[in-house]
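Novice: Fold the following.
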Amino acid sequence: MTRPSPLISADFDSGNIQVVDLADPARVRLAIRPDTHSAHFQWFHFKAAQLVPGLAYTFSLENAAQSSYGHAWHGYH
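Specialist: Numbering: from 1, shown residues only. Okay, the predicted model is just below:
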């Protein structure tokens with residue numbers, strides 16, 4: 001079964017994410033966008049649609065270690 005790529009959206013109030021790569025729908029690569037007019041970034045909020053029930057998905061935040069409180073991600077799942 002070919003797995004369709006999920007539809008990732010942050011186009012809503014409080015939405016904040018950047019899609020880095022959807023080539024492997026089971027391993028979606030994302031990045032946290034910086035705050036407006038600032039280099040600071042930590043929070044994220046996004047919606048994933050078109051997921052297939054019963055299939056596992058992994059969402060990776062590629063730049064989490066470079067965020068404002070990078071040490072806070074240790075052990076985050």
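
Novice: Walking through this protein, point out its helices one by one.
Specialist: Applying DSSP state H to the chain gives no helices.

Novice: All the strands of it, residue numbers only.
Specialist: Applying DSSP state E to the chain gives strands spanning 7-9, 18-21, 27-31, 47-49, 58-61.

Novice: can you list those in a markdown table and add distance to residue 38?
Specialist: In short, each C-beta sits where N, CA and C put it, glycine included. Output for the strands of the chain, formatted as a markdown table (distance: least, C-beta to C-beta, whole Å):
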| stretch | distance to residue 38 |
| --- | --- |
| strand 7-9 | 23 |
| strand 18-21 | 15 |
| strand 27-31 | 16 |
| strand 47-49 | 24 |
| strand 58-61 | 18 |
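
Novice: ok, the residue most central in space within the chain - contacts?
Specialist: When C-alpha atoms, centre = their mean is applied to the chain, the residue found nearest the centroid is residue 30 (3.8 Å). Under the criterion of C-beta atoms under 8 Å, 6 or more residues apart in numbering, the neighbours of residue 30 are 8, 17-20, 44, 46, 59-62.
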